[in-house]
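Quick one, structure for this:
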Amino acid sequence: MKKLLFVACFICSFFHPVQAQNKLAWKGKKCAVVLTYDDAIDQHLDNAAPLLDSLGLKATFYVTAFSQSVQKRLTDWKKLPLKGHELGNHTLFHPCVGKTPGREWVSNENDLNNYTVQRMENEMRMTNLFLQSLDGKTKRTFAFTCGDMKVADSAFMNGMKKDFVAARAVRNEMHQIAAIDLYNVDCYMVNNNSFEEMKSWVDKATQTNSLLVILFHGVGGGNSLNVTIENHRKILRYIKQKEKEIYVAPMLNVAEHISQWQKANHQ
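Okay, here's the model as predicted:
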């Protein structure tokens with residue numbers, strides 16, 4: 001009997017810290033959610049930001065510095081960090097690998113097949129400098145355009161890690177804090193999804209103590225990868241209602257927290 005009790009206590013002592021770590025990993029909450037908006041389009045200023053501000057939610061806007069919206073509404077983009085939102089780096093010209101099915105829209109000038117790693121690094125650093133002129137900040141996160149991570153066979157982020165705290169990829173996955181690669185952070189991309197589908201992502205993150213990064217493009221238009229205004233409103237309100245269980249913050253804040261947690265727990 002004593003032996004059985006000893007074994008049971010040993011098992012509990014082994015698993016309890018792991019369970020406790022998972023439960024306490026997200027500032028004492030069950031999970032983390034990061035709301036991200038890509039490409040710097042007018043609908044982010046007109047449809048997304050006002051709702052975020054009304055709910056008191058902070059998001060990351062991944063800015064393509066030479067987008068039409070940035071060129072025409074620079075003053076409006078400057079206002080976002082004043083409200084607590086992050087301006088993330090989404091390159092200068094949004095280059096992607098072209099000459100593949102579905103990528104007919106990629107011009108020769110913005111085709112990563114025609115880039116060098118040095119050119120990519122230069123444009124990323126120029127975008128960081130541009131964003132610093134808007135918000136005065138030197139810490140930044142990055143989002144891979146089209147999820148493309150390489151120029152030819154070279155992973156360009158390898159030489160850029162000192163320039164960024166984290167980088168977001170494009171895959172429908174979520175992970176617990178110990179398993180997150182800060183330079184390859186997974187996300188769930190919204191592509192005309194229903195509220196119920198997006199809600200299931202939030203519920204899964206809560207149940208599994210994971211990080212959920214949601215990627216929006218169009219919000220009520222502006223991009224074929226769209227979310228309706230109604231479903232966008234519903235999912236943000238749902239996240240706000242569960243804020244006692246969910247750590248909601250921009251990518252930079254969450255990434256810094258992950259980095260500190262992983263170092264403290266020797267990950």
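
hey, let's count contacts and neighbours off CA atoms from now on
Fine.

and the gap between Ala49 and Asn114?
35 Å (Cα to Cα, to the nearest Å).

neighbour count winner among the two?
Taking neighbours as other Cα atoms under 10 Å, Ala49 and Asn114 compare with Ala49 leading, 20 against 15.

quick one: contacts for that one?
Leu80 (Cα atoms under 8 Å, 6 or more residues apart in numbering).

Look up phi and psi at it.
Here is the backbone geometry of Ala49 (degrees, to the nearest 10): phi -60, psi -40.

Then Asn89?
phi -90, psi 120.

Which pLDDT value goes with it?
Per-residue confidence (pLDDT) for Asn89: 98.

Please apply the same query to Gln19.
49.

And Leu24, by the same measure?
75.

Number of residues surrounding the residue nearest to it when sequence neighbours are not counted?
Of all residues not flanking Leu24 in the chain, Lys30 sits nearest, at 7.4 Å (Cα to Cα, 6 or more residues apart in numbering). When counting by other Cα under 10 Å, one arrives at 22 neighbours for Lys30.

Find me the pLDDT at Lys30, would you?
For Lys30, the pLDDT comes out at 97.

mean confidence score for stretch 128-141?
98.

Next, the buried residues of it.
By 16 or more other Cα atoms under 10 Å, the buried positions in stretch 128-141 come out as 128, 131, 134-135, 140-141.

repeat for stretch 191-206
For stretch 191-206, using 16+ other Cα under 10 Å, the buried residues are 192, 194-195, 198-199, 201-202, 205-206.

Output the lowest mean pLDDT helix or strand found in the chain.
Across the helices and strands of the chain, mean pLDDT, DSSP states H and E gives its lowest value to helix 2-24, namely a mean of 49.

next helix or strand past that helix?
strand 31-38 (DSSP states H and E).
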